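A.B. asks: Dropping the sequence and predicted coords here.
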Amino acid sequence: MRKLKTLWMPDFQSRNPKVANGNSNFGNRMLETDSSGIRRFPVLDSRIPHAIRNMGFGLVFAFMTNASLGAAPRTIHAESWPALFSEYQNDPAYEAFKNARDSMYDDKYDAAVREFRALVKKYPRTQYLAESYFWIAYCLEKAGKDDEQAFQAYKLVADSYQNSRWADDARASMVQLAKRLYGKGKQEYKVYLEQSGEDPDEDVKLAALAALGQLESEEALPVLLDVLKSPKSSRRLKEKAIFAISQIGGEEAMKVLEDLAKNDRDPEVQEKAVFWIGQEGGEASLAKLLNIFRTSQNQAVREKCVFSISQIGGAKAIAMLENVAKTDKDPKMQEKAVFWIGQEGSEASLNSLLEIYNATQNPELKEKVVFSISQIGGERALQILERFAKDDSNPAIQEKAIFWIGQEGSEQSLSTLLAIFKATKNQQAREKVVFSISQIGGERAMSVLSDLARDDTDPAIQEKAIFWIGQEGSSASLDLLLEIFNATKNQEAREKVVFSISQIGGEKAMRILGKMARDDADPAIQEKAVFWIGQEGDDSSVGELIEIYRTTAQPEVRKKVLFSLSQIGTGRAVDHLIEVAKNDEDLQLRTKAIFWLGQTRSDKAKKALLEIINR
């Protein structure tokens, strides 16, 4: 079993909104979370007192950055608690407290103990009294000379200053020291750990439960069961008790978890119990999980069983999941089983997935199998997907297989896609191959698409290849598109090239479209080029359109330019429309320019139109 030996600490973040919202990068870095949801500090001696938590983020951060590294806090931001700070500054013991605290910050624990003790003796009514006693205990603990003395010092705070903000922290510290002392053979401290399970402060209780679990003794089970049975126990407390039971391990602990998984009224408690049974590992856990799966009526619990079986892994776990995938009456459960078989990632899981594929008639489950095979990856998985992709009898599976081969993204998958393209007679499958090749990308993929785009024998494939070259979006793809444009005799393919060049955009694309609009022998191509230049919509495209208007002799192309300028509608575009409307020798073009000026709704256009009317 994988034991989680890092010391669990109460979740101080929940008491500080700024930290809970993730505004402290340091806090996020220092805290680790295991699969039980328990937050852990990497360093064992990293307790953050409630009193410090409740004073605000600045002080929490100050304590974390030092206490978590084994030192007392060195920086306290008074701005986060000005009223408290001002009140304490007026205390006659303030200077003595500050000096003692500075000694503690400098890791001079013996000196700090002496100074704090002198303070409480000289100023028995100071507001620093409970805090000073707490720091005495803290320094004794840090000095590491006598854990029992430190325990008693914390006990003084917990017993004598129960209403202070330091009492809960003292009790939490006592739990940790009691665990340490019990580990050294001091049996009397086990009683304290058990009694702490009844502490009214939940964080103290949680710390005690975690400590009990780490003792790995079945004698702690009755205490933990009492927590689980108590109507006063919160879900959070129950979940930590379940975790503690899982850490104890052994047959009795597993029986308790199995009973919880089957019979507890709270589904979330059931799920936690299932999870920790899975973490125990081994065939006994597999048998328990299968039993829970078969008897439970709770969908979430059954799903957790499937997940936990998968986490144990091995041949027996795969066989169980395969049986679920083949025989369970719930299609969703079948799909979960298939997914987790795929995540296991071995040859055995590939064999199991093929068995499921061949056994099921459920098309959705077959698609899930194809996905899971793709996630395993490797040469054999690719071969299986290729076989599916070449089978025209099941187009839906065929297309899924092609898609996932493309997602694999290697040179081998590109070669596999080409082989599928040549083998299949299914047009949709061929188009899916073109798409998947484009998703792989790279020089070889673009070269393959270029070859397909030059082949006029299959216009549908040709247009798809052109489109996906355009989506690649680079200067190299512009060059390829221009080569295709010059090579193909297919009018629709040439128009698709114009569109794809426009979608890439940028200065180079505009120059290419401008040249097509001015020089191409096909008026339809010229008009398409003009239209897509206009869709670019900036001043550079206005300049290109004006140049086309001045250099082309085609009236229809010039009309398209006027339309595109009106759609852009910038000052420069409107100025050219006005120029044409007032001065062009071609009456039809002047009329078009006047019409499109009316569509621009600009004040400059209105003024020009009035001038034309009044001439």
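C.D. replies: Alright, I've got the coordinates.
A.B. asks: Does residue 562 touch residue 589 like I think?
C.D. replies: Yes - Residue 562 is in contact with residue 589 according to CB atoms under 8 Å; the separation is 7.0 Å. Where you see a C-beta, it was placed from the backbone N, CA and C, and this is true even at glycine.
A.B. asks: Please name every helix or strand in contact with the longest helix along the chain.
C.D. replies: Assignment by DSSP state H gives helix 167-183 as the longest helix of the chain. Helices and strands in packing contact with helix 167-183 are listed as helix 50-53, helix 129-143, helix 147-160, helix 188-196, helix 202-214; criterion 3 or more CB pairs under 8 Å, 6 or more residues apart in numbering; DSSP states H and E.
A.B. asks: How far away from the center of its chain is that helix?
C.D. replies: 37 Å (CA atoms, centre = their mean, to the nearest Å).
A.B. asks: What residues sit buried inside it?
C.D. replies: Burial within helix 167-183, assessed by neighbour count using 16 or more other CB atoms under 10 Å, is assigned to 167-182.
A.B. asks: Under the pLDDT cut-off, which ranges of the protein? List them.
C.D. replies: 1-89, 193-207, 209-210, 212-217 (pLDDT under 70).
A.B. asks: and residue 574, how many neighbours does it have?
C.D. replies: 22 (other CB atoms under 10 Å).
A.B. asks: List the contacts of it.
C.D. replies: 565, 597, 600, 602, 604, 605 (CB atoms under 8 Å, 6 or more residues apart in numbering).
A.B. asks: what's the spacing between it and residue 606?
C.D. replies: 10 Å (CB to CB, to the nearest Å).
A.B. asks: and if you look at residue 286?
C.D. replies: To residue 606, residue 286 is 82 Å away according to CB to CB.
A.B. asks: Compare the two (neighbour count), which wins?
C.D. replies: Taking neighbours as other CB under 10 Å, residue 286 and residue 606 compare with residue 286 leading, 22 against 13.
A.B. asks: Off-centre distance for the host helix or strand of the more buried one?
C.D. replies: Element membership of residue 286, judged by DSSP states H and E, is helix 283-295. Chain-centre distance of helix 283-295: 31 Å, with CA atoms, centre = their mean.
A.B. asks: go on, stretch 107-116?
C.D. replies: 47 Å.
A.B. asks: what comes up buried for it?
C.D. replies: Those would be 107, 108, 109, 111, 112, 113, 115, 116, for stretch 107-116 by 16+ other CB under 10 Å.
A.B. asks: Take the residues you listed and lay them out in a markdown table including distance to residue 303 and secondary structure.
C.D. replies: As requested, the buried residues of stretch 107-116 are exported to a markdown table (distance: CB to CB, whole Å; DSSP: H, G, I helix; E, B strand; the rest coil):
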| residue | distance to residue 303 | secondary structure |
| --- | --- | --- |
| 107 | 51 | coil |
| 108 | 56 | coil |
| 109 | 52 | helix |
| 111 | 58 | helix |
| 112 | 54 | helix |
| 113 | 55 | helix |
| 115 | 59 | helix |
| 116 | 55 | helix |
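A.B. asks: quick one: which of residue 562 and residue 589 has more around it?
C.D. replies: More neighbours surround residue 562 than the other of residue 562 and residue 589, with 26 against 18 (other CB under 10 Å).
A.B. asks: Let me know the secondary structure of the more buried one.
C.D. replies: Using DSSP: H, G, I helix; E, B strand; the rest coil, the structure places residue 562 in helix.
A.B. asks: any idea how far it lies from residue 335?
C.D. replies: Counting by CB to CB, the gap from residue 562 to residue 335 is 58 Å.
A.B. asks: what do you get for residue 496?
C.D. replies: 39 Å.
A.B. asks: Show me which of the two is the more surrounded one.
C.D. replies: The neighbour comparison of residue 496 against residue 335 (other CB under 10 Å) goes to residue 496, with 26 against 21.
A.B. asks: where along this protein do the strands fall?
C.D. replies: For the chain, applying DSSP state E gives strands covering 32-33, 39-40.
A.B. asks: which residue of this protein sits farthest from its center?
C.D. replies: The outermost residue of the chain, judged against the average C-alpha position, is residue 615 (68.3 Å), by CA atoms, centre = their mean.
A.B. asks: For residue 505, grab phi and psi.
C.D. replies: Main-chain dihedrals, residue 505, degrees, to the nearest 10: phi 70, psi -180.
A.B. asks: related to what we said a few turns ago, closest to residue 522 out of the buried residues of stretch 107-116?
C.D. replies: residue 107 (84.8 Å; CB to CB).
A.B. asks: and the gap between the closest one and residue 117?
C.D. replies: 18 Å.
A.B. asks: what's the answer for residue 469, then?
C.D. replies: Counting by CB to CB - residue 469 and residue 117 are separated by 81 Å.
A.B. asks: quick one: which of the two has more around it?
C.D. replies: Taking neighbours as other CB under 10 Å, residue 469 and residue 117 compare with residue 469 leading, 28 against 14.
A.B. asks: thought the more buried one was touching residue 482?
C.D. replies: No - here residue 469 lies out of contact with residue 482, judged by CB under 8 Å, at a distance of 10.8 Å.
A.B. asks: Next, show the common contact partners of these two.
C.D. replies: With CB under 8 Å, 6+ apart, residue 469 and residue 482 have no common neighbours.
A.B. asks: so what sits against both of residue 562 and residue 589?
C.D. replies: residue 580.
A.B. asks: before we move on, back to that, mind giving me a markdown table with the contacts of residue 574 and columns for distance to residue 367?
C.D. replies: Shown next, in a markdown table, are the contacts of residue 574 (distance: CB to CB, whole Å):
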| residue | distance to residue 367 |
| --- | --- |
| 565 | 51 |
| 597 | 57 |
| 600 | 53 |
| 602 | 55 |
| 604 | 59 |
| 605 | 57 |
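A.B. asks: Buried residues, stretch 486-495. List them.
C.D. replies: Buried, per 16+ other CB under 10 Å, within stretch 486-495: 488, 490, 493, 494, 495.
A.B. asks: quick check, nearest of these to residue 224?
C.D. replies: Taking the buried residues of stretch 486-495 together and measuring to residue 224 by CB to CB, the closest member is residue 493, at 73.4 Å.
A.B. asks: how close does the nearest residue to the closest one once chain neighbours are set aside get to residue 456?
C.D. replies: Leaving aside its sequence neighbours, residue 493 sits nearest to residue 462 (CB to CB, 6 or more residues apart in numbering; 5.0 Å). According to CB to CB, residue 462 and residue 456 sit 7 Å apart.
A.B. asks: what sits in contact with each of those two?
C.D. replies: 488, 490, 493.
A.B. asks: Tell me who's in contact with residue 428.
C.D. replies: So residue 428 contacts 395, 399 (CB under 8 Å, 6+ apart).
A.B. asks: Okay, it and residue 368: tell me how far apart.
C.D. replies: Look at residue 428 and residue 368: by CB to CB, they are 21 Å apart.
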